[in-house]
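# Take a look and give me a structure for this.
(chains A and B)
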2 protein chains.
Amino acid sequence: MVYQMENLSGGITAVNGIDAAGVHCGLKNNGDKDLALIYSREPAVAAGVFTTNRFKAPPLLVTEQHLAGTVRAIVINSGIANSCTGEQGMADARTMALLTAQKLGLQEEEVLVASTGVIGVYLPMQKITAGVEQAASLLSAAGGSDAARAIMTTDKVAKESAARFTLEGDARSFVIAGMAKGSGMICPDMATMLAFLATDINVERELLQEALQEAVAHSFNLISVDGDTSTNDMVLLLAQGGSTPQLEKDSPLWPAFKNALLHICRDLAYKVVADGEGVTKVIKLTVRGAVDYAMGRRLARSVLNSTLVKTAFFGEDANWGRIITAMGYAGVDFIPERVDVYLGNVQVMAAGKGLVFNETAAREVLMQQEIPVLIDLKLGTEEVTGWGSDLSYEYVTINSAYRS
Amino acid sequence: MVYQMENLSGGITAVNGIDAAGVHCGLKNNGDKDLALIYSREPAVAAGVFTTNRFKAPPLLVTEQHLAGTVRAIVINSGIANSCTGEQGMADARTMALLTAQKLGLQEEEVLVASTGVIGVYLPMQKITAGVEQAASLLSAAGGSDAARAIMTTDKVAKESAARFTLEGDARSFVIAGMAKGSGMICPDMATMLAFLATDINVERELLQEALQEAVAHSFNLISVDGDTSTNDMVLLLAQGGSTPQLEKDSPLWPAFKNALLHICRDLAYKVVADGEGVTKVIKLTVRGAVDYAMGRRLARSVLNSTLVKTAFFGEDANWGRIITAMGYAGVDFIPERVDVYLGNVQVMAAGKGLVFNETAAREVLMQQEIPVLIDLKLGTEEVTGWGSDLSYEYVTINSAYRS
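Numbering: from 1, shown residues only, chains lettered A, B, ... in the order given. Here you go, the predicted model:
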């Protein structure tokens, strides 16, 4: 069955039945928006993927609990992460959900909560209360980009993505859309990679969770700015569309839905990398011929997290020795004598041995804004692509004096 | 039993019966010494600890084979790593051992081989041949620092360490000494962390290996400049002293020997970190209350490898949120609600919650050249201390344009 997909402008409110708002309630000193509200006019089910960090922030714990039931809203603040705040932090996160529920006539359990910002600081609940009230009064189908701006911390641009997909010969069409903020992996002090997605397709919760986990595995979990995962990272996906028949796994719509979801997740993930602090280049690393996804991901992350690889790409230096070194300590059982490595179309290693290559051609590849790197393990059939950033002087500047 | 230890000046030739030499044979374009020879006048047994990188360079593979028998010499070149060089590389490494054996009247199997430098380049064997001849003719008990200089690549200073230890009431005394080069973890393109140690105590091979592994675990394996391990890393320890009785594990000398060995390894490891490229500060991180060594090491390495932690220390920013974040993704089962964190004597976290602390006092700690950080897990009794470096503009400068 053939399906089609078109990109839409805008973000999460491109989905029918989703309203949003973003306001300034006083958490950011510069007057920027710092509280976002997402509202589903119909009851929705929600899926979530959360940080694996051992320290988990209170809003994340509250959201995990609330995922089990029907979901109607997500309230998010930026500026303060409400992390490492103990029992008071748990109470504050619950109060955020309760305040939002009261304003919108919902149950507390129908509201998800997220926070991003400085760790170890308590939320000023009076400001949050005023912010929730104001945001609730501004909810609209045009509020998506206000909400996307309100979740930013050190992001330079708001990140939104939306797409419509249709099955050929099917009159119906569906939308998946979302927004993200991405300083998380760059700057966990202003913690958090957050993404909020919605769709108007009717999917049962377990199936939605399965689809989201798979999409995140091949998008957000394959990007690296500095390899850190924060205490607050989360990706949430709301599915309403209760009026349409429930999507089944054997439906021709299922692969179309999964593909569109992956498309949106990758688009947002890419925007997170490209907007990373001090990023001048994006490295697109493909690991081909892996035995399985885990092997490919582990190698991709090891290479993309290496500060030596990152600085070499910043310097436009065809330093493939650093790539294979980072592969070598990834803790993966590949066979060095089989490995081929390419920078763009320039092969630099064949069967584990270095090649004499055209330095000029290699440098041309390295001067591109997005640099494709291919590692072929020649072991299996799995192919995994990840995205990373270079490491520049600006990265050091931003991160050496961020908090103060 | 009480033992005493005194530091000696010089390096590996501080051990009686060890000669060394360092020469320039033409691998480095700037005329610096690039070939070192270490010679034991008596037959010695040797222990070795090698890189866990999946890519292993030919000299390392040859040395692993030769460790089984009696050892009389180590030949080392810098400038070219002889890594990713396939069968030709294996042949060249064997030839290095053979040439050295021929010059010194030894068996090929009695010579260990090490290389450090650019990956993927073949050794110019004519230059190596001339270098081995010259070095063999210059071997002397005064040649230790020439050898230490000849193994340097991007190191700014030669690294040597020596100590004498005695048991109280025992007329005998023993020496442990060595040299190291440390660009390995900073710059695996000019690959390698290398250390060569010798002692005049008589130890059986298996016991020597056990002692070396334990010392490396608490020294070289607990330092981090950028977390990379190269294709060529190795630590070798020669023990001769065949005329004295063999050291047994139940001898009072055994803990004295182990302590002196750890002292030398830590001293050299510290020098490697302090001389790291672009390093302005050394972070001394102690993880207290761990269940076991593995837990402590994993947490220490995760924190010390984090570029966010490194840049914060460079910026003298008391950013403890980054420390606990790096702990959280280390993949270790600690209990966040128990964790205390101190910067010097300033406590910043108690039982998993952030504290309001004296910023001025914290900044004073962060302005020190060596910054002590203490994490108390309050789980077990193991204490592990590691050393890491900050990440500065100079690091980016050096590593963004190293190869070219």
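# And the strands in the stretch 301-404 of chain A?
Taking DSSP state E, counting those that start in this stretch as the test, the strands found in the stretch 301-404 of chain A are A:340-343, A:346-350, A:353-354, A:370-376, A:382-389.
# Compute the inter-axis angle for the last one and strand A:370-376.
Between the direction of strand A:382-389 and that of strand A:370-376, the angle (axes from the mean of the first three to the mean of the last three CA atoms, to 10 degrees) works out to 150 degrees.
# same for strand A:382-389, what does it pack against?
Where contact means 3 or more CB pairs under 8 Å, 6 or more residues apart in numbering or on different chains; DSSP states H and E, strand A:382-389 is packed against strand A:223-224, helix A:253-274, strand A:282-290, helix A:293-305, helix A:307-314. Using the backbone N, CA and C atoms, a C-beta is placed for each residue, glycine as well.
# next helix or strand past the first one?
If I follow you right, that is strand A:223-224. Using DSSP states H and E, the helix or strand that directly follows strand A:223-224 along the chain is strand A:234-239.
# what lines up beside that following strand in the sheet?
Take DSSP bridges as the rule and strand A:234-239 pairs in its sheet with strand A:35-50 (antiparallel), strand A:194-199 (parallel).
# mean confidence score for that strand?
On average, the pLDDT along strand A:234-239 is 95.
# Residues in contact with it: which ones?
Contact partners of strand A:234-239, identified using CB atoms under 8 Å, 6 or more residues apart in numbering or on different chains, comprise A:18, A:38, A:40, A:44-51, A:60, A:63, A:71, A:74, A:112, A:114, A:178, A:192, A:194-203, A:208, A:212, A:216, A:220, A:261, A:265.
# quick one: the closest residue to chain B within the stretch 51-200 of chain A and B:V341, what's the gap?
Distances between the stretch 51-200 of chain A and chain B by CB to the nearest CB are smallest at A:G120, namely 2.6 Å. From A:G120 over to B:V341 the distance is 10 Å, taken as CB to CB, to the nearest Å.
# what residues do these two have in common as contacts?
Common contact partners of A:G120 and B:V341 (CB under 8 Å, 6+ apart): B:W320, B:M349.
# rewinding a little: B:E394 is nearest to which of the strands of the stretch 301-404 of chain A?
Of all these, strand A:382-389 sits nearest to B:E394, with 20.3 Å by CB to CB.
# Now do the same contact list for the residue lying closest to A:A362 once chain neighbours are set aside.
Take A:A362 and drop its neighbours on the chain: the residue closest to it by CB to CB, 6 or more residues apart in numbering or on different chains is A:A318, 3.9 Å away. A:A318 makes contacts with A:L343, A:V346, A:V348, A:F357, A:E359, A:A362, A:R363, A:V365, A:L366, B:R403, as judged by CB under 8 Å, 6+ apart.
# if we go to 7 Å?
By CB atoms under 7 Å, 6 or more residues apart in numbering or on different chains, A:A318 lies in contact with A:L343, A:V348, A:E359, A:A362, A:R363, A:L366.
# How about A:Y342?
Going by CB under 7 Å, 6+ apart, A:Y342 touches A:V348, A:L374.
# and A:V373, what pLDDT?
Note for A:V373: predicted pLDDT of 95.
# One more: the one 10 residues further on?
We note a pLDDT of 95 for A:E383 in this prediction.
# dump the residue contacts of it.
A:E383 touches A:T286, A:R288, A:G296, counting by CB under 7 Å, 6+ apart.
# and the residue lying closest to the last one once chain neighbours are set aside, how far is that from A:L194?
Nearest in space to A:G296, with sequence neighbours left out and distances taken as CB to CB, 6+ apart, is A:V384 at 3.0 Å. When CB to CB is the yardstick, A:V384 and A:L194 sit 24 Å from each other.
# More neighbours: the two, which one.
Each of A:V384 and A:L194 has its neighbours counted (other CB atoms under 10 Å in any protein chain shown); A:L194 has more, 29 against 23.
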